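fold the stuff below for me.
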Amino acid sequence: MDALVFSQAGDGRLPLATIVANATRFFALDVDVLREEGVDPQGPAPEATRCELALRCRRTGRRGRVSVTTRRATIDDRSRAADAERLGRAAGMSSLADRCPRVWAVEAGSDTAAGVVERLLGALASAALGPVLPTDGSTLYGVRGALARAEREERDRAG
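As a prediction, the model looks like this:
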């Protein structure tokens with residue numbers, strides 16, 4: 001299952017310039033946009049988009065590839081968020097997720113290194129102004145939680 005970032009954005013656009021800037025500035029992550037689908041700069045706001053990103057952590061040199069798909073949040077997404085809030089004792093985070101009309105689903109490639117996706121999830125959360133629901137559904141967290149998880153994964157893999 002994909003990790004989800006709940007987004008307060010009203011349409012299906014990903015604010016790629018903001019995501020790349022936040023990733024670079026706060027998460028030591030270089031992000032290259034490889035492909036973007038569903039966006040017509042001259043057309044109306046899209047309902048959904050998909051992009052593929054190449055990632056490289058400047059701290060560790062680790063790399064990865066992910067795809068990010070935008071869509072409307074569903075009842076199931078909100079239910080999973082409420083369950084994760086209880087499991088992870090993340091008080092108030094599902095209320096924040098409830099205020100987000102969209103989700104950004106993040107699917108990592110099989111060769112993506114430890115910590116790289118977590119750094120991207122933090123950058124996405126900072127742009128989306130919403131919580132992250134990890135693939136295991138164990139909790140909900142925000143920007144600081146994503147960075148802490150990235151650093152823990154990197155330490156665990158290095159040691």
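
quote the end-to-end distance of stretch 88-97.
Separation of the first and last residues of stretch 88-97 by C-alpha to C-alpha, to the nearest Å is 15 Å.

return the set of buried residues in it.
For stretch 88-97, the neighbour count (16 or more other C-beta atoms under 10 Å) marks 88, 90, 93, 94, 96, 97 as buried. Any C-beta I mention is one placed from the backbone N, CA and C, and that applies to glycine too.

would you say the last one is within a helix?
Yep, that's residue 97 we're talking about. Yes - assignment of residue 97 by DSSP: H, G, I helix; E, B strand; the rest coil places it within a helix.

tell me the contacts of it?
Residues near residue 97 by C-beta atoms under 8 Å, 6 or more residues apart in numbering: 6, 73, 77, 78, 81, 130, 131, 133, 140.

among the residues you listed, which pair sits farthest apart?
Across those, the longest distance by C-beta to C-beta is 13.3 Å; it joins 73 and 140.

in terms of neighbours, single out the busier of the two.
Neighbours per residue, other C-beta atoms under 10 Å: of residue 73 and residue 140, the larger number sits with residue 140, 29 against 19.

nearest residue to that one in space, please, no chain neighbours.
Spatial nearest neighbour of residue 140, chain neighbours left out: residue 93 (3.7 Å); criterion: C-beta to C-beta, 6 or more residues apart in numbering.

distance-wise, check the one you found relative to residue 82.
Applying C-beta to C-beta, to the nearest Å, the value for residue 93 to residue 82 is 9 Å.
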